[in-house]
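Q: sequence? don't have it. structure:
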Ligand SMILES: Cc1cc2nc3c(=O)[nH]c(=O)nc-3n(C[C@H](O)[C@H](O)[C@H](O)COP(=O)(O)OP(=O)(O)OC[C@H]3O[C@@H](n4cnc5c(N)ncnc54)[C@H](O)[C@@H]3O)c2cc1C
């Protein structure tokens with residue numbers, strides 16, 4: 001066996017610290033408005049000022065939304081890609097609300113002050129201020145992105161369509177930027193505020209350019225990844241062994257995932273996330289893919305030799321989140337992949353590791369032999385739970401079942417990866433038998 005790459009200590013941003021930084025930025029934005037605002041006069045002035053503060057916070061919100069998706073390694077490792085995606089989605093809703101409130105309040109405020117109608121004032125603003133027109137186009141783009149991301153619409157779109165429409169956020173931010181300086185009262189005379197705001201936007205832009213564009217290209221030249229083997233596992237599931245150079249420099253850890261782009265004629269334009277299904281080695285990585293749709297199905301037919309470009313590693317589901325000596329790994333379906341890598345690599349004394357693997361039938365149990373071998377070599381317990389709920393007479397993973405099978409359950413860290421329904425159910429069951437929220441670590445396979 002080749003030596004496992006050393007796992008160097010990698011910087012991780014704590015979720016609380018990231019939220020504190022975001023909150024401090026929002027507070028500084030409010031202060032900027034407060035500091036530059038003379039005492040209010042009548043109703044029009046109140047409305048205009050409400051429009052200003054919502055506009056400033058919207059400008060700040062857009063920068064934060066983009067920064068959350070910049071794939072900054074310590075943030076990805078410390079917070080986790082799925083939690084970042086959730087924050088991005090929730091922050092997106094607030095930001096769109098602020099954008100719309102800004103447009104309405106400021107137009108209404110100016111209309112009240114100028115004793116004219118709101119529609120007339122809106123027309124004047126669009127007609128006389130080119131930056132307002134550009135910013136309005138940016139705002140409409142943001143609203144379009146919010147619409148395609150809404151729960152009722154998103155499942156109807158192909159992932160790639162939704163993803164590429166989402167990239168218009170960059171255009172929206174660029175369109176609105178000059179409006180902030182040209183028309184924002186807070187920036188007109190305050191050079192320090194302009195410098196700080198520019199630094200925010202330039203910093204976020206640089207992070208996006210570096211981590212999302214330069215880094216994958218740099219990694220492609222440095223590591224020269226290629227598929228070296230395609231190994232069928234179970235019907236509809238293959239493992240891809242991907243060879244390359246200097247892979248220890250990636251500092252990947254078991255439990256993490258990469259975004260993979262396979263350079264074939266049909267697949268080069270899209271990348272998809274897959275977890276490492278074995279601990280990373282200096283010269284090769286392995287992923288295991290279940291056919292779920294067009295992209296993943298195409299991977300079943302990949303040829304050895306195919307060039308691969310990656311972004312990553314990402315994800316917080318690593319040994320670093322562990323607090324207890326004993327660990328319970330619970331996998332549902334394709335969720336076995338990162339847990340298989342953790343089963344092999346988490347430091348543990350005999351008896352400290354237990355894996356529960358939920359599958360609809362033993363035919364679908366991926367890595368069956370590997371898991372049994374690992375169980376024997378690591379003196380871990382592996383429990384396959386196979387069958388439909390009807391065959392198993394209800395939920396086979398109740399808190400009582402888990403507590404019976406895993407003595408001392410409440411003193412375990414639980415790593416849980418599987419379909420959303422399963423993770424939600426199992427989390428509730430675990431909480432019901434006294435496992436604390438912070439002992440349960442999960443990563444969603446859906447963003
Ligand atoms: C962090 C993470 C790790 C994953 N690890 C594995 C793994 O080890 N093995 C495995 O078989 N599957 C894994 N998945 C799931 C896998 O990425 C999807 O099944 C795959 O992308 C489906 O793509 P598709 O085009 O074949 O199917 P589609 O039917 O087009 O997509 C099915 C669903 O997959 C999700 N999806 C599709 N493309 C992407 C994308 N580019 N980025 C994010 N989500 C996408 C969307 O929610 C979509 O609705 C992982 C997903 C995530 C988020």
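A: Noted; the coordinates are in hand. Because the structure is a prediction, the values reported are computed rather than measured.

Q: okay, CA-based contacts and neighbour counts for the rest of this
A: Noted.

Q: so after the helix or strand bottoming out on mean pLDDT in the chain, what's the next helix or strand?
A: Ranking every helix and strand in the chain by mean pLDDT, DSSP states H and E puts helix 185-188 at the bottom, with a mean of 83. Per DSSP states H and E, helix 185-188 leads on to helix 191-208 as the next helix or strand towards the C-terminus.

Q: quick one: mean pLDDT for that next one?
A: Mean per-residue pLDDT for helix 191-208: 95.

Q: what does the next helix-or-strand element following it rub up against?
A: For helix 191-208, the following helix or strand on the C-terminal side (DSSP H and E) is helix 215-223. Residues from elsewhere that reach helix 215-223 (CA atoms under 8 Å, 6 or more residues apart in numbering): 244-247, 308-311.

Q: shaky segments in the stretch 201-350 of the chain?
A: For the stretch 201-350 of the chain, no stretch has pLDDT under 70.

Q: coming back round to it: how far is the least confident helix or strand of the chain from where the chain is centred?
A: Relative to the centre of its chain, helix 185-188 is centred 34 Å away, using CA atoms, centre = their mean, to the nearest Å.

Q: ok, is stretch 261-274 in contact with the ligand or not?
A: Yes: on the criterion CA under 6 Å from any ligand atom, stretch 261-274 is in touch with the ligand at 271-274.

Q: longest strand in the chain, please.
A: In the chain, taking DSSP state E as the definition, the longest strand is strand 225-234.

Q: any residue of that strand up close to the ligand?
A: No: on the criterion CA under 6 Å from any ligand atom, strand 225-234 is out of touch with the ligand, staying 11.6 Å away.

Q: pairing partners for that strand, with directions?
A: Within its sheet, strand 225-234 is paired with strand 237-243 (antiparallel), strand 307-314 (antiparallel), according to DSSP bridges.

Q: ok, which of those comes nearest residue 92?
A: strand 307-314 (21.8 Å; CA to CA).

Q: contact partners of that closest one?
A: Residues outside strand 307-314 that contact it (CA under 8 Å, 6+ apart): 71, 73, 76-77, 80-81, 212, 215-217, 219-220, 224-227, 250-253, 256-264.

Q: can you list contacts of the least confident helix or strand of the chain?
A: Taking CA under 8 Å, 6+ apart as the rule, helix 185-188 contacts 32-33, 36-37, 180-182, 193-194.

Q: one step back: what angle do the longest strand of the chain and helix 215-223 make?
A: Strand 225-234 and helix 215-223 are oriented at 90 degrees to each other (axes from the mean of the first three to the mean of the last three CA atoms, to 10 degrees).

Q: report the buried residues of strand 225-234.
A: 225-230, 233-234 (16 or more other CA atoms under 10 Å).

Q: go on, stretch 432-447?
A: For stretch 432-447, the neighbour count (16+ other CA under 10 Å) marks 435-436, 439-445 as buried.

Q: these also near the ligand: which ones?
A: Taking CA under 6 Å from any ligand atom as the test, the ligand is in contact with residue 445 out of the buried residues of stretch 432-447.

Q: for the buried residues of stretch 432-447, give me TSV that also has pLDDT.
A: Shown next, in TSV, are these (pLDDT from 0 to 100):
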residue	pLDDT
435	96
436	95
439	96
440	96
441	95
442	91
443	86
444	83
445	84
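
Q: mind listing which of the buried residues of stretch 432-447 are in strands?
A: 440-442.

Q: closest to the ligand among these?
A: residue 442 (10.3 Å; CA to the nearest ligand atom).

Q: tell me the contacts of that closest one?
A: Residue 442 sits next to 317, 415-417, 423 when contact means CA under 8 Å, 6+ apart.

Q: just the ones of those in strands?
A: 415-417.

Q: which one of the residues you listed is nearest to the ligand?
A: For the ones in strands among the contacts of residue 442, the nearest to the ligand is residue 417 (9.3 Å; CA to the nearest ligand atom).

Q: what does the protein put close to the ligand?
A: Counting by CA under 6 Å from any ligand atom, the chain comes close to the ligand at 159, 257, 271-275, 288-290, 292-297, 334, 337, 445-447.

Q: I'd like to know which of these are buried.
A: Buried positions within those, assessed by neighbour count (16+ other CA under 10 Å), are 257, 271, 273-275, 288-290, 296-297, 334, 337, 445.

Q: on that earlier part again, type out the ChimeraX command that picks the buried ones from the contacts of helix 215-223.
A: Burial among the contacts of helix 215-223 is assessed by 16+ other CA under 10 Å; the matching ChimeraX selection reads:
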select :244,247,308,309,310,311
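
Q: tell me the one of the contacts of helix 215-223 nearest residue 57?
A: Nearest member of the contacts of helix 215-223 to residue 57, counting by CA to CA, is residue 311, at 31.2 Å.

Q: ok, now how distant is the closest one from residue 85?
A: Going from residue 311 to residue 85 by CA to CA, to the nearest Å gives 16 Å.

Q: repeat that for residue 194.
A: Taking CA to CA, one finds residue 194 at 29 Å from residue 85.
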